[in-house]
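Undergrad: sequence and computational prediction follow.
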Amino acid sequence: MTLRGIVKRYGPATVLDGIDLDIAPGEFLTLVGPSGCGKSTLLRTIAGFEPQDEGQVRIGDRVVDRLPPAERDVAMVFQSYALYPHMTVAGNIATPLEMRRLSLAERLPLLRLASPRRPRIRREIMAEVEAVARQLDILPLLARKPAQLSGGQRQRVALGRAMVRDPAAFLMDEPLSNLDARLRVQMRTELAELHKRLGATFVYVTHDQVEAMTMSDRVALMEAGRILQLGTPAALYDTPASISVARFIGSPPINLLPAEARADGAIMTEGLRLHAHGALPAGRVTLGLRPEALELAPPETPGTLPVSLRRAENLGAEWLLHAVTPGGTDLVARVPATAPVPERFSLAIDPARLHLFGADGQRLVTRLGLRVPA
Ligand SMILES: Nc1ncnc2c1ncn2[C@@H]1O[C@H](COP(=O)(O)OP(=O)(O)OP(=O)(O)O)[C@@H](O)[C@H]1O
């Protein structure tokens, strides 16, 4: 699937501002970003519900810009399951197949009795419905109505209705957001497994970076109608292209320390002196430190941050230590819960795990070292 220069405007507002994206066949790609960044609009553009103002959408080897949703060979799965309440689960899943294979007359209550081929087609459809229901573990529920199902079961029915169409791509808009936390975690695993089994392309929209990071082959992080960074979950986490990306990906979020780069290559922050191994423009910079890149050190260890503890959160296997630097910056450290948290401590930083961002917020690529006073 290929998107080229997609622009979408609502009145004066540009909601998609020139999106270019190549999605490989069979890939699980997630569009993630804050509310209002345009991810749902982009998905609806691919589906054909929302014509773009500029640009081209190609699915497989076809340009689909002029095709209605039903002819694009994609299936959309929504957050609100949009099931027919008066139909059984089997009826809901069968609907797309009936629409495709039976004529209008064959679907009408009285006329359908006159069709000699209808019973055979109905049997074939029900066999497919059962096969899909078996894959989704909802076979015993086929005779129920949506109101008699849990949220997770309804979501499976909605998935089943998409699966029977055997589309080239599944387009999913926050499909798990109505589920409780425990079920969401379980469905994440199930969706990832389903994706592997089906081998189809998944384009998935969520505002939840954990969902994006755990299921996807690649993630496109969007902000204000643009893609800020596209890459594997590991690439976004380990080499964020900007402060915006670094902030959005990771929980608890990355720590950001204001710093000053000097012409001689020194970078000063909170009384620490780092040095860059490459050329850097002098001026204001920001250091990014993931919570797990901070380590406990005895108080007053040279070359460490002498912080004061605000709050310690016990997560079982690890502590989240909320601390504040002498300069007044809040930090969170994630440390193993092997020992009780000492009353006084310092935080050691590993310069190899620091991220450096310039005054414009973009990543600066350079190797950093730490000068520890003798
Ligand atoms: N039909 C519409 N008419 C006018 N503005 C719209 C319309 N649909 C969406 N928008 C605006 O376009 C922007 C992007 O909306 P979109 O739904 O794509 O965002 P999103 O990233 O999916 O956000 P969320 O996670 O809150 O759903 C928002 O500012 C929204 O208000």
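TA: Structure received.
Undergrad: every contact and neighbour count from this point should use C-alpha atoms.
TA: OK.
Undergrad: mind listing what's buried along the helix or strand of the chain with the lowest mean pLDDT?
TA: Within the chain, no helix or strand scores below helix 104-107, which has a mean of 77 by mean pLDDT, DSSP states H and E. For helix 104-107, the neighbour count (16 or more other CA atoms under 10 Å) marks 106-107 as buried.
Undergrad: give the next helix or strand downstream of it.
TA: Sequence-wise, the next helix or strand downstream of helix 104-107 (DSSP states H and E) is helix 118-135.
Undergrad: for the helix or strand just after that following helix, C-alpha coordinates in CSV please.
TA: Once the chain leaves helix 118-135, the next helix or strand it forms, by DSSP H and E, is helix 151-163. Extracted as CSV, the C-alpha positions of helix 151-163 are listed here (Å, rounded to 0.1, in the frame of the first residue of the first chain):
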residue,chain,number,x,y,z
GLY,A,151,-17.0,-6.3,25.1
GLY,A,152,-14.2,-8.6,24.2
GLN,A,153,-16.5,-11.0,22.5
ARG,A,154,-18.2,-8.2,20.5
GLN,A,155,-14.8,-7.1,19.4
ARG,A,156,-14.1,-10.6,18.2
VAL,A,157,-17.3,-10.7,16.2
ALA,A,158,-16.4,-7.4,14.6
LEU,A,159,-13.0,-8.9,13.7
GLY,A,160,-14.8,-12.0,12.3
ARG,A,161,-17.0,-9.9,10.1
ALA,A,162,-13.8,-8.3,8.7
MET,A,163,-12.0,-11.6,8.3
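Undergrad: what helices and strands are in contact with helix 151-163?
TA: With contacts defined as 3 or more CA pairs under 8 Å, 6 or more residues apart in numbering; DSSP states H and E, the packing partners of helix 151-163 are strand 74-77, helix 89-101, helix 118-135.
Undergrad: for the residue nearest to the spatial centre of the chain, which non-adjacent residue is closest in space?
TA: Residue closest to the average C-alpha location in the chain (CA atoms, centre = their mean): Ala212, at 2.4 Å. Spatially, and ignoring its direct neighbours in sequence, Ala212 is nearest to Thr30 (5.8 Å; CA to CA, 6 or more residues apart in numbering).
Undergrad: quick one: list the elements packing against the helix or strand that neighbour falls within.
TA: Assigned by DSSP H and E, Thr30 belongs to strand 28-32. Secondary-structure packing of strand 28-32 (3+ CA pairs under 8 Å, 6+ apart): strand 201-206, helix 209-215, strand 218-223.
Undergrad: mind giving me a markdown table with the ones you listed and columns for distance to Pro175?
TA: Formatted as a markdown table, these follow (distance: least, CA to CA, whole Å):
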| stretch | distance to Pro175 |
| --- | --- |
| strand 201-206 | 8 |
| helix 209-215 | 11 |
| strand 218-223 | 17 |
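Undergrad: wait, which of these is closest to the ligand?
TA: Proximity to the ligand (CA to the nearest ligand atom) singles out strand 201-206 among the helices and strands packed on strand 28-32, at 6.8 Å.
Undergrad: now for the closest one, which elements pack on it?
TA: So strand 201-206, by 3+ CA pairs under 8 Å, 6+ apart, packs with strand 28-32, helix 39-47, strand 169-173.
Undergrad: for the ones you listed, which one ends up most surrounded?
TA: Comparing those by mean neighbour count (mean count of other CA atoms under 10 Å), strand 28-32 ranks first with a mean of 27.
Undergrad: still on that earlier bit, in the sheet, who's paired with the residue nearest to Ala212?
TA: Beta-bridge partners for Thr30, by DSSP bridges, are Tyr204, Val219.
Undergrad: same check on Gly288?
TA: The partner residues for Gly288, given DSSP bridges, come to Leu256, His355.
Undergrad: from Pro342, how far out is it?
TA: Distance of Gly288 to Pro342, computed by CA to CA, to the nearest Å: 25 Å.
Undergrad: tell me, what's the model's pLDDT at Glu98?
TA: Note on Glu98: pLDDT of 86.
Undergrad: counting neighbours, what do you get for it?
TA: Each residue near Glu98 was counted by other CA atoms under 10 Å, and the total is 17.
Undergrad: related to what we said a few turns ago, who's in contact with the residue nearest to the centre of the chain?
TA: The contact partners of Ala212, taken as CA atoms under 8 Å, 6 or more residues apart in numbering, are 30-32, 206, 219, 233.
Undergrad: packing partners for the least confident helix or strand of the chain?
TA: Against helix 104-107 (3+ CA pairs under 8 Å, 6+ apart) you get no helix or strand.
Undergrad: kindly format the C-alpha coordinates of that helix as CSV.
TA: The C-alpha coordinates for helix 104-107 follow below in CSV (Å, rounded to 0.1, in the frame of the first residue of the first chain):
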residue,chain,number,x,y,z
LEU,A,104,-30.9,-8.5,-3.5
ALA,A,105,-33.9,-10.7,-4.3
GLU,A,106,-32.2,-13.7,-2.7
ARG,A,107,-31.8,-11.7,0.5
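Undergrad: chain center to it, what's the gap?
TA: 41 Å (CA atoms, centre = their mean, to the nearest Å).
Undergrad: how long is stretch 166-181 end to end?
TA: Using CA to CA, the end-to-end distance of stretch 166-181 comes to 29 Å.
Undergrad: could you find the closest non-adjacent residue to Leu67?
TA: Excluding the flanking residues, the one nearest Leu67 by CA to CA, 6+ apart is Gly48, at 7.2 Å.
Undergrad: more neighbours, Gly288 and Pro342?
TA: Gly288 (23 against 12).
Undergrad: and the gap between the more buried one and Leu296?
TA: 18 Å.
Undergrad: ok, now Arg9?
TA: Distance of Arg9 to Leu296, computed by CA to CA: 50 Å.
Undergrad: tell me which of these two has more neighbours.
TA: Neighbours were counted for Arg9 and for Leu296 using other CA under 10 Å; Leu296 has more, 20 against 13.
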